[in-house]
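A.B. asks: Sequence below, structure please.
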Amino acid sequence: MGLASIPSPAQGAWDLGIIPIRAYALCFIAGIAFGAWLSERRWRARGGTPGTIYDIAVPGVIFGLIGARLYHVITDWQTYFGARAIKEPYQALFIWEGGLSIWGAVALGGVGLWLACRRRGLSLRDVADTVAPGLAFGQAIARWGNWFNQELYGSPTTLPWGLEIDRAHGGDPGVLYHPTFLYESLWDAALGFALILAGRRFALHHGRLFAVYVAGYTFGRFWIEGLRIDPVGGVDHAVLLLGLRINQWTSILLFAGALAYLWANRAKDREQVVAARSG
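C.D. replies: Below you'll find the predicted structure:
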């Protein structure tokens, strides 16, 4: 390939004795760590008790990992089960090979946070507003794990930032592909900054800043998802419904739900602003 392209890593794992160190897992851990650190800082800046976010993050991460893998396996079940399966069913447990969905992570991770918040007497909506930017930045970091795994790439392109993919991961020699992992990483990082600015500039409380995160992420995910081809072992296992991927339909539904939540709760923030000014 020429200079005007993005090469893929030659390997995504390194053996440290008998323990393999996988770049995918490192990127995922780095994303969680940064997101938790930023959320803890935001929580303390709001007057919250130090250490609270770290404490409630533990069940949130555990539930989130389970949900992320479950969503992936359910929506990509042909990879592990059925006549066209290219992996053994037990490999559905191999999270280090890739396949962690943000939809499942947020959904089931939210359950873990709700349980932790309920035990500590915290408002889940306040916590959600606090962690929203951290979630976006964490996703931006974690997406680089897909680069090491040579996954989450799009259709062929002639753009100078095209991504090289080797034949073992579904690529063709001399062909460059849209680096959709990079598009999503940049989108998430920009969303994180936008959430911080929006939280300072506007009265977005009662879960409304988190709703902005959901709307912003799903808006970007919809068009990025449309670029993806994601062949696994040479077979495209993308589940389509009326010409759109399942993840695109999920984006549409969540985007609409986020807008509806913002509209339905607009009066609460207005009341809080009026009370603050009169106080």
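
A.B. asks: Let me see the ranges of the helices in the stretch 151-279 of the chain.
C.D. replies: 180-201, 208-227, 246-264, 266-278 (DSSP state H, counting those that start in this stretch).

A.B. asks: Averaged pLDDT, the last one. What do you get?
C.D. replies: So that's helix 266-278. Averaging pLDDT along helix 266-278 yields 53.

A.B. asks: number of nearby residues for I29?
C.D. replies: 14 (other C-beta atoms under 10 Å). Bear in mind the C-beta positions are built from the backbone N, C-alpha and C, glycine included.

A.B. asks: Kindly present the helices of the stretch 151-279 of the chain as TSV, with separate columns for mean neighbour count.
C.D. replies: TSV is the format used below for the helices of the stretch 151-279 of the chain (neighbours: other C-beta atoms under 10 Å):
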stretch	mean neighbour count
helix 180-201	18
helix 208-227	21
helix 246-264	17
helix 266-278	11
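
A.B. asks: Turn these into CSV, including distance to L152.
C.D. replies: Output for the helices of the stretch 151-279 of the chain, formatted as CSV (distance: least, C-beta to C-beta, whole Å):
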stretch, distance to L152
helix 180-201, 4
helix 208-227, 9
helix 246-264, 11
helix 266-278, 36
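
A.B. asks: Out of these, flag the one nearest L135.
C.D. replies: Among the helices of the stretch 151-279 of the chain, the nearest to L135 by C-beta to C-beta is helix 208-227 (6.4 Å).

A.B. asks: which helices and strands sit right next to that closest one?
C.D. replies: Secondary-structure packing of helix 208-227 (3 or more C-beta pairs under 8 Å, 6 or more residues apart in numbering; DSSP states H and E): helix 124-142, helix 180-201, strand 244-245, helix 246-264, helix 266-278.

A.B. asks: how about 7 Å then?
C.D. replies: Under the contact criterion of 3 or more C-beta pairs under 7 Å, 6 or more residues apart in numbering; DSSP states H and E, helix 208-227 touches helix 124-142, helix 180-201, helix 246-264.

A.B. asks: what does the second one rub up against?
C.D. replies: The contact list for helix 180-201, computed with C-beta atoms under 7 Å, 6 or more residues apart in numbering, reads 132-133, 136-137, 139-140, 143-144, 146-147, 152-154, 204, 209, 212-213, 216-217, 220, 224, 227-228.

A.B. asks: Can you say which of the helices of the stretch 151-279 of the chain is nearest to R125?
C.D. replies: Each of these has some distance to R125 by C-beta to C-beta; the shortest is helix 208-227, at 7.4 Å.

A.B. asks: Quick one: mean pLDDT over the closest one.
C.D. replies: pLDDT averaged over helix 208-227 gives 94.

A.B. asks: tell me the angle the helix or strand containing A57 makes with helix 124-142.
C.D. replies: A57 is located in helix 52-75, with elements delineated by DSSP states H and E. Angle of helix 52-75 versus helix 124-142, following axes from the mean of the first three to the mean of the last three C-alpha atoms, to 10 degrees, is 70 degrees.

A.B. asks: Buried residues of helix 52-75, list them for me.
C.D. replies: 52-53, 56-57, 59-61, 63-73, 75 (16 or more other C-beta atoms under 10 Å).

A.B. asks: try stretch 114-121
C.D. replies: 114, 116-117.

A.B. asks: Secondary structure for these - can I get that in JSON lines?
C.D. replies: Formatted as JSON lines, the buried residues of stretch 114-121 follow (DSSP: H, G, I helix; E, B strand; the rest coil):
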{"residue": "W114", "secondary structure": "helix"}
{"residue": "A116", "secondary structure": "helix"}
{"residue": "C117", "secondary structure": "helix"}
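
A.B. asks: Got phi/psi on Q150?
C.D. replies: Q150 adopts backbone torsions of phi 50, psi 50, taken as degrees, to the nearest 10.

A.B. asks: which residues touch the residue nearest to F63 when sequence neighbours are not counted?
C.D. replies: Spatially, and ignoring its direct neighbours in sequence, F63 is nearest to G112 (3.1 Å; C-beta to C-beta, 6 or more residues apart in numbering). Applying C-beta under 7 Å, 6+ apart to G112 gives the contacts 59-60, 62-64.

A.B. asks: go with 6 Å
C.D. replies: Residues counted as contacts of G112 (C-beta atoms under 6 Å, 6 or more residues apart in numbering) are 59-60, 63.

A.B. asks: what about this protein, any weak spots by pLDDT?
C.D. replies: Low-confidence segments of the chain, defined by pLDDT under 70, span residues 1-4, 77, 84-86, 95-99, 230-240, 268-279.
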